[in-house]
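Participant: Requesting a structural model of the entry that follows:
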Amino acid sequence: MNYFINKYKNSYITKYENQNLLINLSSCSKVSNEVAFLIDFLPKKADRTTYLKCLGDLEINNCENVFNKLLQLGVLEEKNNLTVKYNFKKIINKIFSPKIQIFPSAVQKKIFSHRLFSISKTINEDLLVKIILFLIITLSIAGLFLNKIFASGNLTHNYSFLDSFCLLIFTILGIIIHELGHSCMCHYCGIGFRPIGFSIYLIYPVMFTNVSGINELDLKKRILINSAGLFAQGIYMICLTLFFFATKYYIFSICIQLMFVMFYFNLHPFLRTDGYWFLKDILYFSQNNQRGKLINDLYQILYFLFSAYLIYKGFLLLKTSLSYFLNLKKIQLNGRLLVNLFSIYIVIILAKALKNRFTDFYHNFIEKKF
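Facilitator: Below is the predicted model of the structure:
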């Protein structure tokens, strides 16, 4: 039996340029007020007859045409609940490309729409860009020295369970604050709060914020959104530093070191981190001049070479795991088996990510050149 899904039923809706943005964990779509109303009114899942009846209850003429239009727009999507292949593919995709929402947009709006959190709306954009970039550059330089200072004082401590738990909490809090920086800046730039989720990128467990839709914004707003995570994380790191000097609690210093590792990782220009999107936006807006084209071509070549390096690392990981599984006599139900199974899982995720990377390289470089 065929049925249909109202894809955006539980999406967060915000006004933008006399229209509505439908925001969920992985997409952002612009629709009219009428379509937004129908999305909210129609059920999440039903067959064709039920949807037509709901449209009829609204006394809409030509319900069939409206229903087909919603299908054409992608608001409604046909599914077949008898297709085993579809269900299997969906399960596999959730295993190898998990996307779990942990901080919905609606919850953020309730918390951060208070007047105290609207003060930033009065700050000039140019000034805000300068403040954010100044803090990021300052912390990038200061971290080279502070890490050595904090590391030298953590060698003699014995970790208790409470210490480890506190470290975990402070670290997760720092990651969430980073992502909230992106989301709140999206709200500042007029495209609404954005959901924060958990996934796996390459071989790394990550939290992410869906900032899709920023392509319609100017360069200044894109820079603000892409750098706001590092800015928020930087303020958190400064607070941790003050807490450390006030309390001398060594867990704060360890957490600061971990935050600096994440801070520098997010500046990486060849992984899909804040640094990547920041640089990509600048290159996009400068590609019309000769120097910009040259720098963009150089970046694309370096991006390709780094992708080739990831293939090499993935090959080594796969080779090690396959050599283990080919020796059937040594396979036992122990920690080594779990490590090698996890390695295979990582290789599959890496292969999927590399496919996307080479697709980007083809469209951004090869297709344009040849």
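Participant: Tell me which helix or strand in this structure has the weakest average pLDDT.
Facilitator: Here the helix or strand of the chain ranked lowest by mean pLDDT, DSSP states H and E is helix 84-96, holding a mean of 65.
Participant: After that one, which helix or strand is next?
Facilitator: Where DSSP states H and E defines the elements, the next helix or strand beyond helix 84-96 is strand 100-103.
Participant: Could you give the average pLDDT over the following helix or strand past that next one?
Facilitator: Once the chain leaves strand 100-103, the next helix or strand it forms, by DSSP H and E, is helix 105-112. Helix 105-112 comes out with an average pLDDT of 88.
Participant: Other residues contacting helix 105-112?
Facilitator: 12, 14, 23, 180, 183-184, 187, 192-195 (Cβ atoms under 8 Å, 6 or more residues apart in numbering). Bear in mind the C-beta positions are built from the backbone N, C-alpha and C, glycine included.
Participant: Can you list the low-confidence ranges for the stretch 101-250 of the chain?
Facilitator: Applying pLDDT under 70 to the stretch 101-250 of the chain flags the ranges 114-121, 151-158, 201-204.
Participant: Do a quick rundown of the helices in it.
Facilitator: Secondary structure of the stretch 101-250 of the chain (DSSP state H, counting those that start in this stretch): helices at 105-112, 125-152, 161-188, 219-247, 250-265.
Participant: which residues touch Ala351?
Facilitator: Gly314 are the contacts of Ala351 under Cβ under 8 Å, 6+ apart.
Participant: Next, Pro43: secondary structure please.
Facilitator: Put simply, Pro43 is coil when judged by DSSP: H, G, I helix; E, B strand; the rest coil.
Participant: Could I get the contacting residues of it?
Facilitator: 6, 9, 50-51, 54.
Participant: which of those residues count as buried?
Facilitator: Among these, those buried by neighbour count (16 or more other Cβ atoms under 10 Å) are 6, 9, 51, 54.
Participant: A helix includes the third one, no?
Facilitator: Yes - remark: Tyr51 belongs to a helix, assigned using three-state DSSP.
Participant: was I right about it contacting Leu76?
Facilitator: Yes - taking Cβ atoms under 8 Å as the definition, Tyr51 is a contact partner of Leu76 at 7.1 Å.
Participant: still on that earlier bit, reformat the helices of the stretch 101-250 of the chain as TSV; add mean neighbour count and distance to Val339.
Facilitator: Formatted as TSV, these follow (neighbours: other Cβ atoms under 10 Å; distance: least, Cβ to Cβ, whole Å):
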stretch	mean neighbour count	distance to Val339
helix 105-112	16	37
helix 125-152	14	28
helix 161-188	18	22
helix 219-247	19	31
helix 250-265	20	23
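Participant: Adding distance to Gln300, write those helices out as JSON lines.
Facilitator: As requested, these are exported to JSON lines (distance: least, Cβ to Cβ, whole Å):
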{"stretch": "helix 105-112", "distance to Gln300": "34"}
{"stretch": "helix 125-152", "distance to Gln300": "25"}
{"stretch": "helix 161-188", "distance to Gln300": "25"}
{"stretch": "helix 219-247", "distance to Gln300": "19"}
{"stretch": "helix 250-265", "distance to Gln300": "22"}
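Participant: May I ask which helix or strand encompasses the closest residue to Ile60 other than its chain neighbours?
Facilitator: Nearest residue to Ile60 in three dimensions, chain neighbours excluded: Val66, at 5.7 Å (Cβ to Cβ, 6 or more residues apart in numbering). According to DSSP H and E, Val66 maps onto helix 63-73.
Participant: quick one: the next helix or strand after that helix to chain centroid distance?
Facilitator: For helix 63-73, the following helix or strand on the C-terminal side (DSSP H and E) is strand 76-80. Taking the mean C-alpha point of strand 76-80 and that of its whole chain, the gap between them comes to 27 Å (Cα atoms, centre = their mean, to the nearest Å).
Participant: Tell me the strands beside strand 76-80, with direction?
Facilitator: In the sheet, strand 76-80 lines up against strand 2-6 (antiparallel) (DSSP bridges).
Participant: got the contact list for the strand it pairs with?
Facilitator: 39, 42-48, 51, 71, 75-81.
Participant: can you rerun that using 6 Å?
Facilitator: 42, 44-45, 47, 76-81 (Cβ atoms under 6 Å, 6 or more residues apart in numbering).
Participant: Just the buried residues of that strand, please?
Facilitator: Neighbour counts over strand 2-6 (16+ other Cβ under 10 Å) mark 4, 6 as buried.
Participant: Kindly export that strand (C-alpha atoms) in PDB.
Facilitator: Output in PDB follows, covering the C-alpha atoms of strand 2-6 (Å, rounded to 0.1, in the frame of the first residue of the first chain):
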ATOM      1  CA  ASN A   2       1.400   3.400  -1.000                       C
ATOM      2  CA  TYR A   3       1.400   6.300   1.500                       C
ATOM      3  CA  PHE A   4       2.700   9.800   1.700                       C
ATOM      4  CA  ILE A   5       4.900  11.700   4.100                       C
ATOM      5  CA  ASN A   6       4.500  15.300   5.100                       C
END
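Participant: tell me the angle of it relative to helix 63-73?
Facilitator: 70 degrees (axes from the mean of the first three to the mean of the last three Cα atoms, to 10 degrees).
Participant: Can you give me the domain boundaries for this protein?
Facilitator: Domain assignment for the chain, taken from automatic domain parsing, gives 2-88, 102-270, 290-369.
Participant: CSV for these, including distance to Lys280?
Facilitator: Shown next, in CSV, are those (distance: least, Cβ to Cβ, whole Å):
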stretch, distance to Lys280
domain 2-88, 18
domain 102-270, 9
domain 290-369, 8
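Participant: Who are the packing partners of the helix holding Val66?
Facilitator: Applying 3 or more Cβ pairs under 6 Å, 6 or more residues apart in numbering; DSSP states H and E, one finds that helix 63-73 contacts helix 48-57.
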